[in-house]
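**Student:** With the input below, show me the fold.
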Amino acid sequence: MIMALPLALFVRGFASLRQRKLNISTTQAHEIGAALLVMYCGGILSLLVMEVPAVPEWPNMAYNFIPLRFMYDMFSGRYAGEHAAALAKVLGGAALFVPLGFMLSLLWRGASWAKALLGAAALSLFVELCQLVMPYRIADIDDVIFASLGGFLGFCVYRLIKAEAVERFRVNKIKKLTNLRE
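**Tutor:** Predicted coordinates:
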């Protein structure tokens, strides 16, 4: 995430120019939250460039397009003795995207569970499509499913702690009052 800091500053610089042009003001908290969101996404995408060999005990496959196949294999005993690693894959995949669902809900006015779920699904789908062509990676539709679940859980966390403090992260539009002379 720290390596994504220059990207976050670059993106937020362009966003602030656009906001000035549209006469939109933001708070410091919103700017920090938006920069953290960009850094988080950069951190997720940095996982793509790290070449980590697949777990050798699991079947050598480059992709899985069958929804919940991994779960079926896990519970049918295909990964005997590897239940902890398989469970970590499932729970870790969901937990990795909880912050995304939370931050999207926090920063996006009119946020809903569907937007948080779709945002997490879109980022996860992008990652999985990139993994199709990368060595040592397995593109798995289950990862998209669990990431979407994580985005939804992030929205649920947002709804649980939603308070007046949350509003300081949102963008406030400034309306100019003009006198119309007839």
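
**Student:** From Val144, how far out is the spatially most central residue of the chain?
**Tutor:** Closest to where the C-alpha atoms of the chain average out (Cα atoms, centre = their mean) is Leu100, at 3.6 Å. Leu100 is 13 Å from Val144, where distance means Cβ to Cβ, to the nearest Å. The C-beta positions use only the backbone N, C-alpha and C, and glycine is treated the same way.

**Student:** Identify each buried residue in stretch 86-94, please.
**Tutor:** Applying a neighbour-count criterion of 16 or more other Cβ atoms under 10 Å, one finds Ala86, Lys89, Val90, Gly93, Ala94 buried in stretch 86-94.

**Student:** swap that for stretch 2-13, sorry
**Tutor:** Across stretch 2-13, burial judged by 16+ other Cβ under 10 Å covers Ala4, Ala8, Val11, Arg12.

**Student:** from what I can see the second one touches Ala35, true?
**Tutor:** Yes. Using Cβ atoms under 8 Å, Ala8 is in contact with Ala35, at 4.3 Å.

**Student:** count of neighbours near the closest residue to Gly154 other than its chain neighbours?
**Tutor:** Closest residue to Gly154 apart from its sequence neighbours, by Cβ to Cβ, 6 or more residues apart in numbering: Gly101 at 2.3 Å. Applying the criterion other Cβ atoms under 10 Å, we find 28 residues in the vicinity of Gly101.

**Student:** who touches Gly101 in this structure?
**Tutor:** The neighbourhood of Gly101, defined by Cβ atoms under 8 Å, 6 or more residues apart in numbering, consists of Ala116, Leu117, Gly119, Ala120, Gly150, Gly151, Phe152, Leu153, Gly154, Phe155, Val157, Tyr158.

**Student:** State the pair within the residues you listed that is farthest apart.
**Tutor:** Pairwise distances across these (Cβ to Cβ) peak at 14.5 Å, for the pair Gly119 and Val157.
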